[in-house]
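> Quick check, what structure comes out for this input:
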Amino acid sequence: MKKHILFLIMFVFAISCSKEKNKDYNLIHDRLSFKNMSEFNTSYLMLSKMTSKEELQFWAQTKNHSTLLNSNDTNIEQYSNVLKTILNKDSEYELGDSIIWFNNGNLYAFAKNEQANISALKTNPNKCHLMGYVSLSIIENSKLKSANLGLHGLDARNQKTLYEQYYQPCGGNLIAHTGMRKYVHEIYDESIAASGVIQSHLHLRIKLEYQGSKGWKAASELTEINVNVVSGSYMYPSGEPKPMQPPPYHAFSEYHNCSGTLDIMLLNVNDSNNQYWVVSIEGSIYQKIMGDVDTNAWTDDGIKHDGVLW
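Numbers count the residues shown, from 1 in each chain. As a prediction, the model looks like this:
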């Protein structure tokens, strides 16, 4: 009888240890897992409907998942909030039987049984298995009144610098405050190539920045944003202009957010030929720091560019 009791205690203890090991693994390696690229792309499009950092942060918390949304790493600043949400604190996610590591625009794959050696393997990326990349494509100024995104893959020609006097923090009272701020409106394309599949995502990003000791950084004042994109077209250089669907984007009128940033995915294209975008966007974007003087509000209507935003 004593032997049976002892065996039962040891069995329960073994199960407890197993659970603790799994728990520790999940805490240390909180990667999102996707069965294949199709599931990854579906998740990307789903997250793209969450236009603010607050929504994405809340979603990540429900998954017990760390993200790069609040990272200060300048190497990832240009990428979308969707990609930053998918990546964990170690710039990783899982795809099928592989652990994917994002580094300097490249996607490297490690077998899951290499888990214990990943840190050492990462020290020499040239010897890692390159399975894809994430790039910001060039938009050429051709045929349409459009934007050339340049070598860094985005166009931020629409900017306004202001001297903030007041602001209302999220959940707080109006505060008198002086400092340089900047509204920035930009378009960019984030293309993700992996396993022979390329998906191109055209984004409109509206953000607020402050001037720090090392240049302009993302600000966090409560911001009112009104987006009214009334028309738009896109094409590849060899094709004919196609209308963007589904404009107009009236749904974002009087949108308030705490991060000062709104990221809207305009288009998604299966870009198997890895060509680049030519786009033209018309309409207006209104932005104002909540509580600040009305003269610091800005309506970007493309007047400086013949009525075309991009």
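
> Check what pLDDT V308 gets.
We have a pLDDT of 72 for V308.

> Is it correct that it is in contact with V279?
No. Using CB atoms under 8 Å, V308 is not in contact with V279; the gap is 10.0 Å. Yep, even glycine has a C-beta here, placed from its N, CA and C like the rest.

> More neighbours: which of those two?
V279 (25 against 19; other CB atoms under 10 Å).

> Who is the more buried one paired with across the strands?
Y234 (DSSP bridges).

> end-to-end on stretch 168-178?
For stretch 168-178, the first-to-last residue distance is 13 Å (CA to CA, to the nearest Å).

> How about it, which residues are buried there?
Within stretch 168-178, the residues that qualify as buried by neighbour count (16 or more other CB atoms under 10 Å) are Q168.

> Which residues does that stretch contact?
163-167, 221-222, 258, 290-291 (CB atoms under 8 Å, 6 or more residues apart in numbering).

> Any chance of JSON lines for those residues, columns neighbour count, distance to N124 and secondary structure?
Shown next, in JSON lines, are the contacts of stretch 168-178 (neighbours: other CB atoms under 10 Å; distance: CB to CB, whole Å; DSSP: H, G, I helix; E, B strand; the rest coil):
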{"residue": "Y163", "neighbour count": "12", "distance to N124": "48", "secondary structure": "strand"}
{"residue": "E164", "neighbour count": "21", "distance to N124": "46", "secondary structure": "strand"}
{"residue": "Q165", "neighbour count": "15", "distance to N124": "52", "secondary structure": "strand"}
{"residue": "Y166", "neighbour count": "16", "distance to N124": "52", "secondary structure": "strand"}
{"residue": "Y167", "neighbour count": "24", "distance to N124": "47", "secondary structure": "strand"}
{"residue": "E221", "neighbour count": "23", "distance to N124": "43", "secondary structure": "coil"}
{"residue": "L222", "neighbour count": "19", "distance to N124": "45", "secondary structure": "coil"}
{"residue": "C258", "neighbour count": "16", "distance to N124": "41", "secondary structure": "coil"}
{"residue": "M290", "neighbour count": "16", "distance to N124": "49", "secondary structure": "coil"}
{"residue": "G291", "neighbour count": "20", "distance to N124": "51", "secondary structure": "coil"}
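
> For those residues, please prepare a markdown table with the additional fields distance to P125 and pLDDT.
Shown next, in a markdown table, are the contacts of stretch 168-178 (distance: CB to CB, whole Å; pLDDT from 0 to 100):
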| residue | distance to P125 | pLDDT |
| --- | --- | --- |
| Y163 | 44 | 92 |
| E164 | 41 | 92 |
| Q165 | 47 | 92 |
| Y166 | 47 | 89 |
| Y167 | 42 | 86 |
| E221 | 38 | 84 |
| L222 | 40 | 85 |
| C258 | 36 | 75 |
| M290 | 44 | 88 |
| G291 | 46 | 89 |
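
> What is the most widely separated pair among those residues?
Y163 and C258 (21.6 Å; CB to CB).

> quick check: domain ranges of this structure?
31-133, 154-305 (automatic domain parsing).

> Quick one: end-to-end length of the shortest one, please.
Read it as domain 31-133. 19 Å.

> likewise stretch 77-93?
18 Å.

> picking up where we left off before, out of the contacts of stretch 168-178, who's nearest Q199?
For these, the nearest to Q199 is C258 (29.5 Å; CB to CB).

> Wait, the closest one touches S220, no?
Yes. Using CB under 8 Å, C258 is in contact with S220, at 6.5 Å.

> Tell me, please, where in the stretch 1-150 of the chain the pLDDT is lower than the cut-off.
Along the stretch 1-150 of the chain, the model assigns pLDDT under 70 to residues 1-28, 136-150.

> Just the helices from it, written as ranges.
In the stretch 1-150 of the chain, the helices defined using DSSP state H, counting those that start in this stretch lie at 2-28, 37-48, 53-62, 81-86, 118-122.

> other SSEs contacting the fourth one?
To tie it back to what came earlier, the one meant is helix 81-86. helix 37-48, helix 53-62, strand 175-194, strand 262-270 (3 or more CB pairs under 8 Å, 6 or more residues apart in numbering; DSSP states H and E).

> how big is the angle separating the second one from helix 37-48?
It stands for helix 53-62. 130 degrees (axes from the mean of the first three to the mean of the last three CA atoms, to 10 degrees).

> can you offset everything so residue one is 20?
Okay, using 20 as the starting number, the last item reads as helix 72-81.

> Report the buried residues of helix 72-81.
Here helix 72-81 shows 72, 74-76, 79 as buried, counting by 16+ other CB under 10 Å.
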